[in-house]
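>>> need a 3D model of the following:
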Amino acid sequence: LDFAWSALITASIANLFAAFKGQENSKLMTTPGISDRLENVGNQFALTTILAFIISLPLMLVKEGSKLADFGPLYSSTPVLAFNLIASGLWFYGYNELATMTIKKTSAVT
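Numbering: from 1, shown residues only. You can find the predicted model right below:
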């Protein structure tokens, strides 16, 4: 039961940040001059994703940095883990880029 509550709370926080990111991306798309510099929504999404990664990297290293030494050998010795990790990252990126393109055509709340 404790795991279910922590999963619910964590998922709710993730959804809150996803909604915030969608709203900010929507605002960014309407900012004059940004479209010309970034050229398209895909580039805007890539820039937002890279920025989010850089911002969250210190927190990840503080929380999980001690387990990083164990992850390297596990990743290289388990091909299924490597495939699933890369595949899930690509699917997540693709889904979110599609969502960002959809926000451009609709509203962030839709």
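>>> which strands and helices sit next to the worst-scoring helix or strand of the chain on mean pLDDT?
Lowest on mean pLDDT, DSSP states H and E among the helices and strands of the chain sits helix 34-38, with a mean of 76. With contacts taken as 3 or more CB pairs under 8 Å, 6 or more residues apart in numbering; DSSP states H and E, helix 34-38 sits against helix 41-64. C-beta here means a position set from N, CA and C on the backbone, and glycine is covered the same way.
>>> which other helices and strands does the helix it packs on contact?
Using 3+ CB pairs under 8 Å, 6+ apart, helix 41-64 sits against helix 2-30, helix 34-38, helix 79-105.
>>> reformat those helices as TSV; add mean neighbour count and distance to Leu47.
As requested, the helices and strands packed on helix 41-64 are exported to TSV (neighbours: other CB atoms under 10 Å; distance: least, CB to CB, whole Å):
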stretch	mean neighbour count	distance to Leu47
helix 2-30	12	9
helix 34-38	12	7
helix 79-105	13	11
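>>> and the ones you listed, which one is worst for confidence?
Lowest mean pLDDT of the helices and strands packed on helix 41-64: helix 34-38, a mean of 76.
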